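# Turn this into a model:
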Amino acid sequence: VVWDHRRGYVLAMTGGRAWQLDAYSRLTQACRQPGSAWKPIVYAAALERGAITAGTPLRDAPIAEYDEATAVHWKPRSGRAFRGVALAADALAYSLNTAAIDVLERVGAPAVIALARRLGVTTAISELAPMALGASCVIPLELARAYAIVARDGWDVAVRVIVRVRHGDQVLFDAAAPDDPWIDPARRLDRLAAVAGRDRAVRAGAPRGQIVDARTAFVLRDLMTGVVQRGTATAARALDRPAAGKTGTTNRNGDAWFVGFTGRVTAAVWIGHDSPTHSLGPRADGAHVALPVWMRLIAAAQGSRPAEPVPTLPDGRPLRIQPVTPAAKALLVRGLAEPVRPRVAGQVDTPDPKAVAPSEPQPGQRARRRGPLDQHRCGRVGGRLRIGDHRFDAALVDHRQCRTGCGQTPPVPAEHRLVDVDR
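Sure thing, here's the model as predicted:
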């Protein structure tokens, strides 16, 4: 589906390959697992409730759950390797699964389901942890509408498949937007005068008003812009215009998704077989199968129109996220063991590097006993890391990425070792 989210016009839609062979519309009738294309809704709920910000550190470490009813161990993967900790902005850009589960645990499944209902999702949604990874099926058109609402600063969008019906000179039905360039100039002026001074999204028609706060919608758009700029959909930069979106892939490549938008158009692409167990093939994920189709659709819909920015601040202020320094890294990892405290919407986590314990004793302090790992600190900061009841050197979290290549394994049980931390 290709959607002009400014006016609400559905520019193009298809639910199959041939209407003569199959009248079943997968766009409006099929219920398919969205995979990671569902994660923006989870992040939106957390942003709205103040559970996270764009700079919140999230846990990206191995987890395992056992379902007694099915006798199945569930161990979600997270990219090529676990990072130990990742900021929310990076976690969504690189589609880290365990970080999304951390977000769900912070905000709670009821909050995510409530937001999904407001966005127009009508299908059943599970409250279990796999829901954060898109295990509950959705109707493609409903997911596209949710993205279009985010693109419109949180305002609802009408599904306008038919804009106007005429019988000769008589207009039988007219749902055209006030700024539609194809309506008569006199009628266009009358409509524009009637809605003058009102929000652009209201002029385009918002049946249910504003669904998501404009600040939450902006931050989420900015996070999804990172997916295109540096994450799993960098191929979309070839469009040479600002874009935001999210890839999605289910187990064994049964479903491939990309849902995203530019400053004017929202488009959703799903590719798969009617049987979810039928794989699309190796490497047939959202980035390699659905994204190229999405790019062709956007290029055709945008044509020669000038590029427009996607993230526009409601109050004109810029959004800045401070990078994580090596000294702050230890604090971020250590903070994952502390109780989660509610965050104020718009707040950016900025850890204080001075809070890291110095490696050398200060005046009035007793020198600590040096252990066998001090020679393998690799120039990293000192300090102690606490996970549960276990304490060990903070330098261990970076030991697997030791630049000196010492190759020595720290004497810490594997279940308490955080490895592959993103620098």
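# Not counting residues beside it along the chain, what's closest to residue 255?
Nearest non-adjacent residue to residue 255, counting by CB to CB, 6 or more residues apart in numbering: residue 272, 4.4 Å away. C-beta here means a position set from N, CA and C on the backbone, and glycine is covered the same way.
# Counting by contacts, list what the longest helix anywhere in the chain packs against.
In the chain, taking DSSP state H as the definition, the longest helix is helix 214-229. The helices and strands touching helix 214-229, judged by 3 or more CB pairs under 8 Å, 6 or more residues apart in numbering; DSSP states H and E, are helix 39-49, helix 88-93, helix 140-151, strand 244-249, strand 255-261.
# Determine which of those approaches residue 190 most closely.
helix 140-151 (26.9 Å; CB to CB).
# all helices for the stretch 51-200 of the chain, in order.
Ranges of helices within the stretch 51-200 of the chain are 88-93, 97-107, 109-118, 140-151, 185-194, 200-204, based on DSSP state H, counting those that start in this stretch.
# Ok, which of the ones you listed comes nearest residue 217?
Closest of the helices of the stretch 51-200 of the chain to residue 217 is helix 140-151, at 5.1 Å (criterion: CB to CB).
# by how many degrees do the closest one and helix 214-229 diverge?
Interaxial angle of helix 140-151 relative to helix 214-229 (axes from the mean of the first three to the mean of the last three CA atoms, to 10 degrees): 110 degrees.
# got the angle between helix 140-151 and strand 244-249?
Using the same axes, to 10 degrees: helix 140-151 against strand 244-249 is 150 degrees.
# one step back: identify the residues contacting the longest helix of the chain?
Applying CB atoms under 8 Å, 6 or more residues apart in numbering, the external contacts of helix 214-229 come out as 40, 43-44, 47-48, 53-54, 88-90, 92-93, 95, 149-154, 233-234, 236-237, 242-247, 260, 310-314, 319, 345-346.
# Mark which of the residues you listed are buried, thanks.
Neighbour counting with 16 or more other CB atoms under 10 Å marks 40, 43-44, 47-48, 53-54, 88-90, 92-93, 95, 149-154, 233, 236, 242-247, 260, 310-311, 345 as buried within the contacts of helix 214-229.
# circling back: buried ones in the longest helix of the chain?
214-228.
# what's the closest of these to residue 101?
Of those, the one sitting nearest to residue 101 (CB to CB) turns out to be residue 223, at 16.9 Å.
# Please report the number of neighbouring residues for the closest residue to residue 61 other than its chain neighbours.
Among residues not flanking residue 61 along the chain, residue 82 sits closest, at 5.4 Å (CB to CB, 6+ apart). When neighbours are counted by other CB atoms under 10 Å, residue 82 registers 23.
# Touching, residue 82 and residue 63? I think so.
No: the criterion here is CB atoms under 8 Å, and residue 82 misses it with residue 63 at 9.7 Å.
# got any residues that touch both of the two?
The contact sets of residue 82 and residue 63 overlap at residue 98 (CB under 8 Å, 6+ apart).
# What score does the closest residue to residue 31 other than its chain neighbours have for pLDDT?
Spatial nearest neighbour of residue 31, excluding adjacent residues (CB to CB, 6+ apart): residue 137 at 3.9 Å. Model confidence at residue 137, given as pLDDT, is 96.
# how close does residue 137 sit to residue 152?
According to CB to CB, to the nearest Å, residue 137 and residue 152 sit 25 Å apart.
# Show me where the stretch 301-423 of the chain dips below the pLDDT cut-off.
For the stretch 301-423 of the chain, the stretches with pLDDT under 70 are 311-423.
# follow-up on the earlier one: check the gap between the residue nearest to residue 61 and residue 51 for me.
Residue 82 is 22 Å from residue 51, by CB to CB.
# Against residue 78, how distant is residue 232?
In this view, residue 232 and residue 78 are 13 Å apart by CB to CB.
# And residue 120, by the same measure?
Distance from residue 120 to residue 78, by CB to CB: 29 Å.
# rewinding a little: would you mind giving the helices and strands packed on helix 214-229 as a markdown table with distance to residue 180 added?
What follows is those, written out as a markdown table (distance: least, CB to CB, whole Å):
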| stretch | distance to residue 180 |
| --- | --- |
| helix 39-49 | 29 |
| helix 88-93 | 35 |
| helix 140-151 | 17 |
| strand 244-249 | 25 |
| strand 255-261 | 20 |
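# could you dump the ones you listed to JSON lines with distance to residue 267 and mean pLDDT?
Below are those laid out as JSON lines (distance: least, CB to CB, whole Å; pLDDT from 0 to 100):
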{"stretch": "helix 39-49", "distance to residue 267": "15", "mean pLDDT": "97"}
{"stretch": "helix 88-93", "distance to residue 267": "19", "mean pLDDT": "94"}
{"stretch": "helix 140-151", "distance to residue 267": "8", "mean pLDDT": "96"}
{"stretch": "strand 244-249", "distance to residue 267": "8", "mean pLDDT": "96"}
{"stretch": "strand 255-261", "distance to residue 267": "7", "mean pLDDT": "97"}
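# ok, the residue nearest to residue 255 touching residue 254?
Yes: taking CB under 8 Å as the definition, residue 272 is a contact partner of residue 254 at 6.0 Å.
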